[in-house]
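A.B. asks: one predicted model, sequence on top.
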Amino acid sequence: MTTTKQATTQVYRVYIKASPQAVWDAITQADWTDRYGYGGRAQYDLRPGGAYRAMATEAHKRAGEEMGFPTPDVLVDGEVVEADPPRRLVQTWRMCMDPQVMSEGFSRVTYEIEESPGGARLTVTHDLEGMPRLAVLVAGGQEAEGAGGGWAWVLSDLKSVLETGSRMAS
Amino acid sequence: MVEAVDDDDRVFKALADPTRRFLLDRLYERDGRSLTELESELEMTRFGVMKHLRVLEEAGLVVTARSGREKLHYLNPVPIRLIHDRWIDKYRERQVSALADLKQRLEEDSA
């Protein structure tokens, strides 16, 4: 995909056969967050103004070395705006792996988890006002260049990890 | 497992219509559009467009969100990604391994 999504907000939704609490844990607990999507160990101080960091693992650093650029210790950072477990998490979100994307600053991500028949419905809303580079990245627009498939890929993988215990082949 | 098949069925049925694919393409170009904007691109009554949007929403391909008095429509690519990850990748792998087998056989034959 080479086209950009031009809207300043992106919305993603996935149905998962797991409890809202299990989905909440998979988003907020380090042992879960390293198991799907881009990986990294999440550190959350789950209260308004609390810090958020996704920390690089040895695997990230090795991958960075192979591609010929250093991986920062903090992959993504931000601040918790609102935390209402296991229903709603609002936070700011800045991607730190690419200097140009990082310079676009803090975006805003809202996770909404609702009960649905047989499981949970997770909706991710990403506000990307004035952040064209980050918008392309999280829409999976640079997957062919090795930048991962963005939210759609992350959520597909999250569903797989929660429902089957193992991730999709990447 | 049967539930998962139902989800896929809804996605394939939703995609099996040119008007609905047209609507998804418009949202891919520019996301977060109102019904008024979307219907202006189609020679169709408002009710016709609403019906198609409802099918897309039931399949999870469109998610709506309120913005003031307007309801905005967003393209949700996750169901297509799920089909890609669960079906298409599987067959692609088989194709690749079939080619690898062929290569190995040919090399063995010429050895």
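C.D. replies: Thanks, I have it.

A.B. asks: buried residues in the lowest-mean-pLDDT helix or strand in chain A?
C.D. replies: Lowest mean confidence among the helices and strands of chain A (mean pLDDT, DSSP states H and E): helix A:58-67, at a mean of 86. For helix A:58-67, the neighbour count (16 or more other C-beta atoms under 10 Å in any protein chain shown) marks residue A:60 as buried. Just so you know, the C-beta spots here come from the backbone N, C-alpha and C atoms, and that holds for glycine as well.

A.B. asks: just checking, next helix/strand downstream of the helix or strand harbouring residue B:7?
C.D. replies: Assigned by DSSP states H and E, residue B:7 belongs to helix B:2-15. Downstream of helix B:2-15, the next assigned helix or strand under DSSP H and E is helix B:18-29.

A.B. asks: which strands or helices does the following helix or strand past that following helix pack on?
C.D. replies: Counting by DSSP H and E, the element after helix B:18-29 in chain order, helix or strand, is strand B:33-34. Judged by 3 or more C-beta pairs under 8 Å, 6 or more residues apart in numbering or on different chains; DSSP states H and E, the packing partners of strand B:33-34 are strand B:70-75.

A.B. asks: just the CA coordinates for whatever helix or strand comes next after the strand it packs on, please, in CSV.
C.D. replies: Using DSSP H and E, the helix or strand that directly follows strand B:70-75 along the chain is helix B:78-83. Output in CSV follows, covering the C-alpha atoms of helix B:78-83 (Å, rounded to 0.1, in the frame of the first residue of the first chain):
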residue,chain,number,x,y,z
VAL,B,78,-8.8,-5.2,10.4
PRO,B,79,-11.3,-7.8,9.0
ILE,B,80,-9.5,-7.8,5.6
ARG,B,81,-6.2,-8.1,7.5
LEU,B,82,-7.6,-11.1,9.4
ILE,B,83,-8.6,-12.8,6.2
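
A.B. asks: need the contact partners of helix B:78-83.
C.D. replies: A:12-14, A:149, A:151-153, A:155-156, A:159, B:7-8, B:11, B:59-61 (C-beta atoms under 8 Å, 6 or more residues apart in numbering or on different chains).

A.B. asks: buried subset of those residues as a PyMOL selection?
C.D. replies: If you want just the buried ones from the contacts of helix B:78-83 in PyMOL, going by 16+ other C-beta under 10 Å, the selection is:
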select buried, (chain A and resi 12+13+14+149+151+152+153+155+156+159) or (chain B and resi 8+11+59+60+61)
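
A.B. asks: for the contacts of helix B:78-83, which one is nearest residue A:27?
C.D. replies: residue A:155 (10.5 Å; C-beta to C-beta).

A.B. asks: could you name the specific helix or strand carrying the nearest residue to that closest one once chain neighbours are set aside?
C.D. replies: The shortest distance from residue A:155 to any non-neighbouring residue, by C-beta to C-beta, 6 or more residues apart in numbering or on different chains, is to residue A:14 (4.3 Å). Assigned by DSSP H and E, residue A:14 belongs to strand A:9-16.

A.B. asks: what about that strand, average pLDDT?
C.D. replies: The average pLDDT within strand A:9-16 is 96.
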